[in-house]
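Student: quick one: sequence and predicted model below, then my questions.
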Amino acid sequence: MREITIDDDAPDLEKHDELEAKKKWLHCWVMLKQGEGGVGWSLTETFFIEPSTGWKYSMKDCPYQTVEAVFNNKNFWINLNPELKVSELNMNFEENLEWEYIMLTDQDKDEENEDDDEID
């Protein structure tokens with residue numbers, strides 16, 4: 001009888017989501033940064049494109065909680081203040097102490113070479 005009886009009073013079983021409990025969800029998106037883009041075009045604002053939908057979000061209206069890291073063909077930057085909301089972030093990586101870069105820039109390489117020359 002138990003096998004064929006539907007008990008609507010039983011609670012629904014919900015799968016435990018370990019990542020949600022630890023707030024460890026990660027998500028990637030495309031960010032297009034304000035300024036000169038390429039030959040003949042520039043952007044007037046920084047915005048995100050959601051890869052799963054193709055929707056465009058401004059910095060103020062995006063559904064993302066924070067930005068932990070950003071990378072492009074030149075470097076990889078880590079947000080040193082991940083508690084800040086996306087709308088509060090300054091995305092000027094080169095002149096901002098809230099972002100730490102991982103790879104050496106051309107200027108750093110030049111300075112490193114100058115230091116090597118002085119040692120000789």
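Tutor: Great, that's in hand. Residues are numbered from 1 along each chain as shown.
Student: below-threshold pLDDT in this protein: ranges please.
Tutor: With pLDDT under 70 as the threshold, the chain has low-confidence stretches at 5-25, 36-38, 105-120.
Student: strands of that one, start to end?
Tutor: Along the chain, counting by DSSP state E, strands occupy 30-32, 35-38, 41-43, 47-49, 56-58, 69-71, 76-79, 99-101.
Student: parallel or antiparallel, which strands does the first one pair with?
Tutor: Right, the one you point to is strand 30-32. strand 47-49 (antiparallel) (DSSP bridges).
Student: what of the fifth one?
Tutor: Partner strands for strand 56-58, per DSSP bridges, with pairing direction: strand 47-49 (antiparallel).
Student: ok, and for the strand it pairs with, which residues are buried?
Tutor: 47-48 (16 or more other CB atoms under 10 Å). For every residue, glycine as well, the C-beta is placed using N, CA and C.
Student: swap in stretch 85-92?
Tutor: In stretch 85-92, counting by 16+ other CB under 10 Å, buried: 86, 89, 91.
Student: same question for stretch 50-57.
Tutor: Buried, per 16+ other CB under 10 Å, within stretch 50-57: 50, 57.
Student: many thanks, I have nothing further to ask.
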